[in-house]
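K.L.:
Quick one, fold the following:
(2 chains)
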Amino acid sequence: MGLRKVAVVGAGMTKFVRRAQETAKELSYQATHMALQSCELSMDDVEAVCLGTAPDSFDGIHMNGEYLSDGAGAWRKPYMRSYVGGGTGVFVPIQGWYHVASGLFDVVLVVAEEKMSSYYPHAQAAFLTIFDHTTERPLKPNLLWIFALEMNRYMSAYGIAKEDIARVSVQHKRNAADHPAALLGDADITVEDVLNSEVLAWPVQRFDVSPVSDGAVAIVLAAEHVAKRITDKPVWIEGVGWSLDTAHWTNRDLVYPRYVEYAARMAYEMAGVKEPRKEIHIAEPYDPFDYKALHHLEGLQLAERGQAPQLYIDGVAARDGDMPVCPSGGLLGVGNPIAAAGLMKIAELFWQLRGEAGARQVPGQPRRGLAQAWGDLMQVGTVVIMGR
Amino acid sequence: MTANNQNLPGTPLSEKDFEEGNILFNYDDLRGDFAWDTGVAIGSYLQGFKDGVILGARCSTCRKIVVPPRTVCEWCFHPMDEYVPLQNTGTVNTFSLCYVTWDVQRITEPEIPAVIEIDGASSLHGIMHLLSEVDPQKVHIGMRVQAVWKPVDERQGAVTDILYFKPIEEV
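P.N.:
Prediction:
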């Protein structure tokens, strides 16, 4: 395709917290500053900036991208904010990737930020506006409905037990206990704790759900000739993919995320991955709810339909398993500041593939990883494959 | 980096910091008023609700019947201008027992949102609505249900003209 190779050369992030004292701009700056420091670049080296942040309704600010631009170092530079709901965090590095792969820029900064706590007292009500104003909102839906409806459909179609879904939450929250940014890391949580947690919208219980959070993540992308001067451990973006399904979500079977499959196939083809289950060494599927990680592993072709729970039962998904899933701790454990949560997965692959993930390090010198996010009205899949 | 950087930026606050005034904050109750016209396809759909009829749209190319109706077929991108009446009945595709309202108030009697595949529409084509007049523990996927309409003179041409769906008595 005549595309240039693009590497991730630096990454930084803030803690993920329920309410941050720092403003959205301040969080963006902290993550950006750390990312630039990590690869010893300055803002003068950055040629363009991509920013991801989710609905303006959280912040109560229209044109939130422009508002956040100074914290992201975007002034007097080509700058663009992208937004595909929860999929944003893995879409914004794709946007940065094509800025560099196309030859337009050599060094691009990618920032993802979310400050959900400004919607007071709870961000839940802001989600009401994602539903159709005429055909759905008069029923007073809440965001939990769509997850509960999808989870029930998924469980019932394959006869999956709640215990087997709860294992996902347990493993991710335990993994997160080793992440210095984590909001809900818990080394001692058990399946019983999840099953005994408050029923919010059956089959969804409290510990099936990731927390509302504030936080920011930034990465630095560079073209090959620059990356090789900056670091001897570049992590290459080998494949990207994204796909959108119909917004008429009650007109398709929720049991399988076909749009995730399309996004994954696009990324696998670009990366030359023919047997994903052998060639992907670390998976960071999007896990805002525990069943979603399973649902996405199936869409990503990393498990047969209805068989993803077995990866957790057999220990394949464990940090020291054959294909570790969410060694970061995921959204369930580290937290879910929406756009930042997706980019956290990219940063995790960067650290894991460089062998810099500390207590979270996956053994065996993994060579290739995949991060995926999901969003809008259960309709978008975004995938990035990274390798060293 | 995170291996050797345990001291990441970001300062957690709690609800108390707001309540006790430990931090400064600015509160504003933003309001936006909107009037959404229903458009061509949904306008027809809701006009049908006034008459106690659920309308679908048929694509003459794909031969799919979708609900709610729309003006373009998303699969073949041909116009969809044939609206056909569907049945008042359907099958529960999936459901939830929800103990939290949209603004996070706890409730003891669950709301039962469901996706209901409407009889007469193509397979797996449904709408989101609520179930009622049913023991929550007895709701199941595959359950047959029928629409319960508001009295004719109270209908407004809104999705809430269907109060809810209830189980069809099994004979």
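
K.L.:
Give me the below-cutoff pLDDT ranges for chain B.
P.N.:
B:1-6, B:170-171 (pLDDT under 70).

K.L.:
Quick one: name whatever helix or strand follows the longest strand seen in it.
P.N.:
Assignment by DSSP state E gives strand B:106-118 as the longest strand of chain B. Toward the C-terminus, strand B:106-118 is succeeded by strand B:126-131 as the next helix or strand (DSSP states H and E).

K.L.:
Are that following strand and chain A in contact anywhere?
P.N.:
Yes - counting by CB under 8 Å from any CB of the partner chain, chain A is contacted by strand B:126-131 at B:126-130. Where C-beta positions appear, they are placed from N, C-alpha and C, glycine not excepted.

K.L.:
What subset of these is buried?
P.N.:
For those, a burial check counting by 16 or more other CB atoms under 10 Å in any protein chain shown picks out B:126-130.

K.L.:
Kindly reformat these as a markdown table containing distance to A:Lys115.
P.N.:
Shown next, in a markdown table, are these (distance: CB to CB, whole Å):
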| residue | distance to A:Lys115 |
| --- | --- |
| B:Gly126 | 36 |
| B:Ile127 | 35 |
| B:Met128 | 30 |
| B:His129 | 34 |
| B:Leu130 | 33 |
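
K.L.:
Report how many residues lie close to the residue lying closest to A:Met43 once chain neighbours are set aside.
P.N.:
Nearest residue to A:Met43, sequence neighbours excluded (CB to CB, 6 or more residues apart in numbering or on different chains): A:Gly73, at 4.9 Å. In terms of burial, A:Gly73 registers 22 neighbours under the definition other CB atoms under 10 Å in any protein chain shown.

K.L.:
State the helix or strand in which A:Gly73 lies.
P.N.:
Applying DSSP H and E, one finds A:Gly73 in no helix or strand.

K.L.:
Nearest residue to B:Pro85 in space, please, no chain neighbours.
P.N.:
B:Pro85 sits nearest to B:Val53 (CB to CB, 6+ apart), 4.9 Å away.

K.L.:
The one you found falls within a strand, correct?
P.N.:
No - B:Val53 is assigned coil when assessed by DSSP: H, G, I helix; E, B strand; the rest coil, not a strand.

K.L.:
any idea how far the closest residue to B:Glu82 other than its chain neighbours lies from B:Gly157?
P.N.:
Leaving aside its sequence neighbours, B:Glu82 sits nearest to B:Arg58 (CB to CB, 6+ apart; 4.6 Å). For B:Arg58, the distance to B:Gly157 equals 22 Å [CB to CB, to the nearest Å].

K.L.:
quick one, which of these two is more surrounded?
P.N.:
Remark: of B:Arg58 and B:Gly157, B:Arg58 carries more neighbours, 18 against 14, as counted by other CB under 10 Å.

K.L.:
hey, where'd the helices end up in chain B?
P.N.:
In chain B, the helices defined using DSSP state H lie at B:15-19, B:40-50.

K.L.:
between the ones you listed, which gets nearest to chain A?
P.N.:
helix B:40-50 (5.5 Å; CB to the nearest CB).

K.L.:
Reduced to three states, what does A:Asp232 come out as?
P.N.:
Classification of A:Asp232 by three-state DSSP places it in coil.

K.L.:
Could you check the pLDDT of it?
P.N.:
Looking at A:Asp232, its pLDDT reads 94.

K.L.:
ok, now which ones touch residue 158?
P.N.:
Picking chain A for this. A:255, A:305-306 (CB atoms under 8 Å, 6 or more residues apart in numbering or on different chains).

K.L.:
ah, I was thinking of chain B
P.N.:
Listed by CB under 8 Å, 6+ apart, the contact partners of B:Ala158 are A:134, A:138, B:46, B:49.

K.L.:
Reformat those as JSON lines; add neighbour count and distance to A:Pro203.
P.N.:
Output for those, formatted as JSON lines (neighbours: other CB atoms under 10 Å in any protein chain shown; distance: CB to CB, whole Å):
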{"residue": "A:Thr134", "neighbour count": "18", "distance to A:Pro203": "29"}
{"residue": "A:Pro138", "neighbour count": "15", "distance to A:Pro203": "25"}
{"residue": "B:Leu46", "neighbour count": "21", "distance to A:Pro203": "32"}
{"residue": "B:Phe49", "neighbour count": "21", "distance to A:Pro203": "31"}
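
K.L.:
Okay, strands next: where are they in chain B?
P.N.:
B:55-58, B:65-66, B:82-85, B:89-95, B:97-100, B:106-118, B:126-131, B:144-149, B:162-167.

K.L.:
between those strands, which one is nearest to A:Cys39?
P.N.:
A:Cys39 lies closest to strand B:97-100 among these, at 44.0 Å (CB to CB).

K.L.:
Only alpha carbons, please: show the closest one as CSV.
P.N.:
The C-alpha trace of strand B:97-100 is given here as CSV (Å, rounded to 0.1, in the frame of the first residue of the first chain):
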residue,chain,number,x,y,z
LEU,B,97,-34.4,-7.1,35.3
CYS,B,98,-33.3,-3.6,36.1
TYR,B,99,-33.1,-2.3,39.7
VAL,B,100,-31.6,1.1,38.8
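
K.L.:
mind checking how far it is from the chain centre?
P.N.:
Relative to its parent chain, strand B:97-100 has a centroid offset of 14 Å by CA atoms, centre = their mean, to the nearest Å.

K.L.:
Next: stretch A:254-272.
P.N.:
That offset, for stretch A:254-272, works out to 15 Å (CA atoms, centre = their mean).

K.L.:
show me the contacts for residue 30.
P.N.:
In the absence of a named chain, this looks at chain A. A:12, A:14, A:22, A:216, B:9-10.

K.L.:
nope, chain B
P.N.:
A:Gly60.

K.L.:
Tell me how far it lies from A:Val316.
P.N.:
As judged by CB to CB, B:Leu30 and A:Val316 stand 47 Å apart.

K.L.:
next one: A:Ala74
P.N.:
Taking CB to CB, one finds A:Ala74 at 42 Å from A:Val316.

K.L.:
Now do the SS call for A:Trp351.
P.N.:
Assignment for A:Trp351 (three-state DSSP): helix.

K.L.:
Report how many residues lie close to it.
P.N.:
The burial count assigned to A:Trp351 is 21, neighbours taken as other CB under 10 Å.

K.L.:
ok, now how distant is A:Ala20 from chain B?
P.N.:
Computed as CB to the nearest CB, to the nearest Å, the A:Ala20 to chain B distance reads 5 Å.
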